[in-house]
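> Predicted model and sequence below, questions to follow.
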Amino acid sequence: MNDWTAGYVAEIGYTFGYYSELNPLRARLAFLDAGFAPPATGTHCELGFGQGVSVNLHAAASRSPWYATDFNPAQASFAKSLARASGADVHLYDEAFSDFCARSDLPDFESIGLHGIWSWISDGNRAVIVDFIRRKLKVGGLLYVSYNTQPGWAATVPLRDLLTEHANVMGVPGFGLVSRIDGALAFAEKLMAANPAYARANPKAADTLNEIKKFDRHYLAHEYFNRDWLPMPFSRMAEWLAPAKLNYVCSARYLDHIDPLNLSAEQQALLKDILDPMFRETVRDFCVNQQFRSDYWVKGAQRLTSPERVEAVRALRVILITARSQVSLKAKGALGEAGLAEAVYVPVLDVLGDHVPRRLGQLDHALSGKLGFGQLLQAILVLTGKGDLAAAQDDEQIADALPTTQRLNDTLLDKARGSSDISYLASPVTGGGVKIDRLQQLFSLARGQGQTTPESWAQFAWQILDSQGQRLLKDGIALATTVENVAELVMHAKEFAEMRLPVLKALQIA
């Protein structure tokens, strides 16, 4: 019998995550910070779209054509239902990489993205993907790829192998993957309690196991229990991508760009003396014990002159997507949490506090005499990396994307009646997704049905939750009575009205 899964977990559906790194608009600032010309707008591709949340949000909110595939027909069916709802220009397939990448009816792409794919597929599929990138990614085009890497996974690889072997060999047939995962975790606990030499040589292994146990089983199934699973050093990743003529640009995680958050002074000096950029990345991974990389690559890297780079940066638009009063002046990197200088960040936040998109050139002018341009750029990188800022499209693009985002959001809000699976809505302003939890979605749904007060939104939400036997938690304890639950909902609704709703209106979601 042919195994259509190719060793990848298909028994359990993938999580309904959203990954902003796949948004080409978001990549522009990262490219410019690294000194490269950013990718053009146009047609984009996602390989392995999971439940299709990211590709649908990006297609609806950017109005760019998107093509994507995922081998799992159940996931593809769900993703296609979202595409039909939005009416966006998105073409979804339930084909294996070998079939999709061989199609003769695909256009060339300005970007190709793979999130959570590379480390969990066979070498054969990796070769298919690299050849596809070589043929179909345009010159100047962007590749986004994320993957498990060394050295951060070195000590955990044996533990992962133990878990998967137990699930395959000792798991009870017919009891399902979740049961086998639970059994494997329970056995690993017994092993650690027996004080094996492995645990003594790797003292963090027990802590790692405890962290693994906290994860959603759907996530664990896809992260740990596929047949193919290979953490790959950066140097080997570069070797794989060399036939596609790709150059490394930078990390897709903005906070990685800020050395003081991640590297000691001694480590920064060490890296500064390494002239080869590829080897420098390898050494940096050792410095931070890197476990997961999210990287941008480009076909045909175009270095910008200093004037070209400054001009392009000044033309970028950003918008504050967190309530001004809720922005923390702390950021977390590999070295831990660090405070942000009020003299730099408060003026930036004050200008952006009305949630109106502004070009960095406008910010530079407004903050003249207070901040240098370099300080401003770093502040924008940090605030974007923290999730407080997002890149913003031009007004014409926003107006063009508004109808498709409204249709998609109507569908997603309706789904919130029955589950909390999807915690994002589409914004035509950012060209992508914005986090909004289930309660906030239910309050938004109530507003859409004409309810005007936090109290009425709370009652609307409670009717839905109560009908499904659900209760709110307070201090980790489920609230028992209707009065307690409604009071808690009213508190959340008032906070939503004060803090979140103005932001959602500015993002043209509400």
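Alright, I've got the coordinates. Everything numeric here is computed off the predicted structure, so don't read it as measured data. Numbers count the residues shown, from 1 in each chain.
> And the longest strand seen in the chain, how far out from the chain middle?
Taking DSSP state E as the criterion, the chain has its longest strand at strand 137-148. How far strand 137-148 lies from its chain's middle: 15 Å, per CA atoms, centre = their mean, to the nearest Å.
> Show which residues not belonging to the next helix or strand after that strand make contact with it.
Counting by DSSP states H and E, the next helix or strand C-terminal to strand 137-148 is helix 157-169. Contact with helix 157-169 is made by 177, 180-181, 183-185, 187-188, 191, 198, 205, 208-209, 212, 224-225, 229, 231, as judged by CB atoms under 8 Å, 6 or more residues apart in numbering. In this view, the C-beta of every residue, glycine as well, is placed from N, C-alpha and C.
> can you pull the buried residues of helix 157-169?
Leu159, Arg160, Leu162, Leu163, Thr164, His166, Ala167 (16 or more other CB atoms under 10 Å).
> before we move on, the earlier item: angle of the longest strand of the chain against helix 157-169?
90 degrees (axes from the mean of the first three to the mean of the last three CA atoms, to 10 degrees).
> buried stuff in strand 137-148?
For strand 137-148, by 16+ other CB under 10 Å, it's Leu137, Lys138, Gly140, Gly141, Leu142, Leu143, Tyr144, Val145, Ser146, Tyr147, Asn148.
> By pLDDT, give me the weakest of those.
Of all the buried residues of strand 137-148, Asn148 has the smallest pLDDT value, namely 93.
> need the contact list for it.
Asn148 makes contact with Ser119, Trp229, Leu230, Pro231, Met232, Gln291, Phe292, according to CB under 8 Å, 6+ apart.
> What sits closest to Asp285 if chain neighbours are left out?
Nearest residue to Asp285, sequence neighbours excluded (CB to CB, 6 or more residues apart in numbering): Phe234, at 5.9 Å.
> Relative to Lys332, how far out is that neighbour?
Distance of Phe234 to Lys332, computed by CB to CB, to the nearest Å: 22 Å.
> between these two, who's got more neighbours?
The residue with more neighbours, out of Phe234 and Lys332, is Phe234; 22 against 14, by other CB atoms under 10 Å.
> Least confident of the contacts of Asn148?
Lowest pLDDT among the contacts of Asn148: Trp229, 82.
> Toward the C-terminus, what is the element adjacent to the host helix or strand of Asp364?
Using DSSP H and E, Asp364 falls within helix 360-366. Using DSSP H and E, the helix or strand that follows helix 360-366 in sequence is helix 373-385.
> follow-up on the earlier one: so what touches the helix holding Asp364?
Applying CB under 8 Å, 6+ apart, the contact partners of helix 360-366 are 313-318, 348, 351-352, 371, 373, 376-377, 380.
> buried subset of those?
313-314, 316-318, 348, 351-352, 371, 373, 376-377, 380.
> Now the two most distant members of those residues.
Arg317 and Leu371 (18.1 Å; CB to CB).
> and which of the buried residues of strand 137-148 is nearest Gln302?
Gly140 (6.6 Å).
> and the closest residue to His355 other than its chain neighbours, what does it touch?
Using CB to CB, 6+ apart and skipping the chain neighbours, the partner closest in space to His355 is Ala506 (3.6 Å). Ala506 makes contact with Ile319, His355, Val356, Val429, according to CB under 8 Å, 6+ apart.
> contacting residues around the second one?
Going back to what we said before, that points to His355. Contacts for His355 were tallied using CB under 8 Å, 6+ apart; they are Ile319, Leu320, Ile321, Pro502, Val503, Ala506, Leu507.
> Ok, the last one next?
Contacts for Val429 (CB under 8 Å, 6+ apart) come out as Ile319, Pro357, Ala390, Ala392, Gln393, Ile398, Ala506, Leu507, Gln508.
> Look up how far Leu349 lies from Asp388.
8 Å.
> So what's the residue count around the nearest residue to Gln468 once chain neighbours are set aside?
Once flanking residues are discounted, Gln468 sits nearest to Gly418: 7.6 Å by CB to CB, 6+ apart. By other CB under 10 Å, the residues close to Gly418 number 10.
> Leu507: neighbour count?
Once other CB under 10 Å is used to define contacts, Leu507 is seen to have 25 neighbours.
> How about it, nearest residue that isn't a chain neighbour?
Ser427 (4.1 Å).
> I figured that neighbour was touching Val434, is that so?
Yes: in this structure, Ser427 is within contact of Val434 by CB atoms under 8 Å, at 4.8 Å.
> would you list every one of the helices in the stretch 351-500 of the chain?
For the stretch 351-500 of the chain, helices defined by DSSP state H, counting those that start in this stretch occupy the ranges 360-366, 373-385, 395-415, 438-448, 454-467, 482-495.
> Pop the domain breakdown of the protein in here.
Domain ranges of the chain: 20-150+230-254+285-299, 157-224, 438-510, per automatic domain parsing.
> re the thing from before, can I get the buried residues of helix 157-169 in JSON lines with pLDDT and distance to Leu445?
JSON lines is the format used below for the buried residues of helix 157-169 (pLDDT from 0 to 100; distance: CB to CB, whole Å):
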{"residue": "Leu159", "pLDDT": "85", "distance to Leu445": "43"}
{"residue": "Arg160", "pLDDT": "84", "distance to Leu445": "41"}
{"residue": "Leu162", "pLDDT": "85", "distance to Leu445": "45"}
{"residue": "Leu163", "pLDDT": "85", "distance to Leu445": "40"}
{"residue": "Thr164", "pLDDT": "82", "distance to Leu445": "41"}
{"residue": "His166", "pLDDT": "87", "distance to Leu445": "44"}
{"residue": "Ala167", "pLDDT": "81", "distance to Leu445": "40"}
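> Name the nearest of these relative to Trp240.
The nearest one, if we look at those relative to Trp240 and count by CB to CB, is Arg160, at 21.4 Å.
> Report the separation between the closest one and Arg293.
18 Å.
> Please apply the same query to Ser419.
For Ser419 relative to Arg293 (CB to CB), the value is 32 Å.
> Please apply the same query to Ile121.
Distance from Ile121 to Arg293, by CB to CB: 16 Å.
> can you check Ala338 too?
Taken as CB to CB, the span from Ala338 to Arg293 is 22 Å.
> Could you give the number of residues near the nearest residue to Asp216 once chain neighbours are set aside?
Ranked by CB to CB, 6+ apart and with sequence neighbours excluded, the top spatial neighbour of Asp216 is Thr15, at 6.8 Å. The local packing of Thr15 (other CB under 10 Å) involves 17 other residues.
> Now do Thr15, the pLDDT please.
For Thr15, pLDDT reads 78.
> which SSE is it in?
Using DSSP H and E, Thr15 falls outside every helix and strand.
> which residues touch it?
With CB under 8 Å, 6+ apart, Thr15 has these contacts: Gly50, Gln51, Asp216, His218, Tyr219, His222.
> Most neighbours among these, please name it.
Going by other CB under 10 Å, Gly50 tops those with 26 neighbours.
> so who does that one touch?
The contact partners of Gly50, by CB under 8 Å, 6+ apart, come to Tyr14, Thr15, Phe16, Gly17, Asp70, Gln75, Gly116.
> do you know how far the fifth one is from Ser294?
As for Asp70, its distance to Ser294 is 19 Å (criterion: CB to CB).
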